[in-house]
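*Asks:* Generate a structure from the sequence data that follows.
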Amino acid sequence: MTMNTRTPNTRLLFVAMALIASSGNSFAIHHPASDEPRPAAYGQALDSSLVQSNLLIAQAKREISKSQAASAAQSKYGGKVINVSRKGSSYRVKLLLESGKVKIVTVDASTGKAR
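*Replies:* Numbers count the residues shown, from 1 in each chain. Now for the predicted structure:
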């Protein structure tokens, strides 16, 4: 059994890349088979498509900060944050609970979900 480890942001990145790759010659302003000039709005549509594609890619790469990871862990389990460290694609948050126990919480850097 294989587990799908892709996050929603990774899927969004793949979709954006697929859209860019599948566009083919649609980004070309001058088509070699035609010498007819393109309307001025044609270039604006091209710019808009590129901006949207770049925005999708940027959003897919966005991750939470250390302080956001600490807040996510603290809101789920309570207590006081002792330490936050980055481990690969997640944060490791140490909490001192009211009971005096230390709880280690893993927070996904892409989704912000505390486990």
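*Asks:* per-domain residue ranges of this protein.
*Replies:* 8-61, 66-108 (automatic domain parsing).
*Asks:* Which one of these has the poorest average confidence?
*Replies:* Comparing mean pLDDT across the domains of the chain, the weakest is domain 8-61, with a mean of 62.
*Asks:* mind saving the C-alpha coords of stretch 90-102 as CSV?
*Replies:* The C-alpha coordinates for stretch 90-102 follow below in CSV (Å, rounded to 0.1, in the frame of the first residue of the first chain):
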residue,chain,number,x,y,z
SER,A,90,7.5,20.2,9.4
TYR,A,91,8.2,22.0,12.7
ARG,A,92,8.8,20.3,16.0
VAL,A,93,7.2,22.3,18.8
LYS,A,94,7.9,21.6,22.5
LEU,A,95,5.1,22.6,24.9
LEU,A,96,5.1,22.6,28.7
LEU,A,97,1.6,21.6,29.6
GLU,A,98,-0.2,22.8,32.8
SER,A,99,0.2,19.3,34.2
GLY,A,100,4.0,19.8,34.1
LYS,A,101,4.5,17.3,31.2
VAL,A,102,6.4,18.2,28.1
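*Asks:* Could you report the neighbour count for Val102?
*Replies:* Neighbours of Val102 under the rule other Cβ atoms under 10 Å: 12. Using the backbone N, CA and C atoms, a C-beta is placed for each residue, glycine as well.
*Asks:* ok, now which ones touch it?
*Replies:* Going by Cβ atoms under 8 Å, 6 or more residues apart in numbering, Val102 touches 82, 94-96.
*Asks:* Cross-check the contact I'm expecting between Ser85 and Val105.
*Replies:* No - with contacts counted by Cβ atoms under 8 Å, Ser85 stays clear of Val105, the gap being 11.7 Å.
*Asks:* Would you map the helices across this structure?
*Replies:* 8-22, 40-61, 66-77 (DSSP state H).
*Asks:* Between Ser85 and Val105, which has more neighbouring residues?
*Replies:* Neighbours were counted for Ser85 and for Val105 using other Cβ under 10 Å; Val105 has more, 22 against 10.
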